[in-house]
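Visitor: Got a sequence here, can you build the structure:
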Amino acid sequence: MGQYGDIASVRKYFPHALTKFLHDLLYTKRGQLLSFSGYWMDPLHVDSYRRSSKYLAYLNNETTAGDHVADSFQWKSNFLRVQKLVLIGGPQDGTINPWQSAHFGYWRDCDKALDTIVPMQQQNVYLEDSFGLRTLDSQGKIVIITVPNTNHTMMHRDQNVVRSAVIPHLT
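Guide: Have a look, this model is predicted:
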């Protein structure tokens, strides 16, 4: 669903105090050239995200940009060809914020307190089946795995994660 807030990769370049103003930069033509801006979904500025995001809003089929509308049907068709979608995330991720975004959960739009995570099944992209997430779930093709005590950048090296969350789902 995206990322937002005080995460290490953002904190490295922008002090915490500036995080609330990042949408002013990231939702511009130049800002969209920064790698992490592609995943930035500011829950306090959802309209700016949908209007300006050149990556995540397209993947989630949340934009109405004319050049994307025709592609959205193809994207959904391609997504529905997935045989198994394994979503792996955990509370100590340290990069994805909120970590539930790895499971398509996210903060409620315009929730200034950022204290309510809306689970995947209650997200608009799921309810509207904008790119096929609900369809895949109804077909039993989504596996959600929560891994504790594992940092995002180390998941691929954590043998417990690989053995329990990755290998069993390889086909």
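Visitor: From residue 143, how far off is residue 86?
Guide: 5 Å (Cβ to Cβ, to the nearest Å). Quick note: C-beta positions are derived from backbone N, CA and C, even for glycine.
Visitor: go on, residue 81?
Guide: 17 Å.
Visitor: cool, residue 80 as well?
Guide: Where residue 143 is concerned, residue 80 sits at a distance of 16 Å (Cβ to Cβ).
Visitor: same check, this time on residue 121
Guide: For residue 121, the distance to residue 143 - Cβ to Cβ - is 15 Å.
Visitor: just to revisit the earlier point, can you list residues touching both of residue 86 and residue 143?
Guide: Residues touching both residue 86 and residue 143 (Cβ atoms under 8 Å, 6 or more residues apart in numbering) are residue 169.
Visitor: If you count surrounding residues, which of residue 81 and residue 143 has more?
Guide: Between residue 81 and residue 143, counted using other Cβ atoms under 10 Å, residue 143 has the larger neighbour count: 13 against 8.
Visitor: Centre of the chain to whichever helix or strand the more buried one is part of, how far?
Guide: In this assignment (DSSP states H and E), residue 143 forms part of strand 142-146. With Cα atoms, centre = their mean, to the nearest Å as the basis, strand 142-146 stands 14 Å off its chain's centre.
Visitor: What of stretch 22-35?
Guide: Centre to centre, stretch against its chain (Cα atoms, centre = their mean), the figure for stretch 22-35 is 17 Å.
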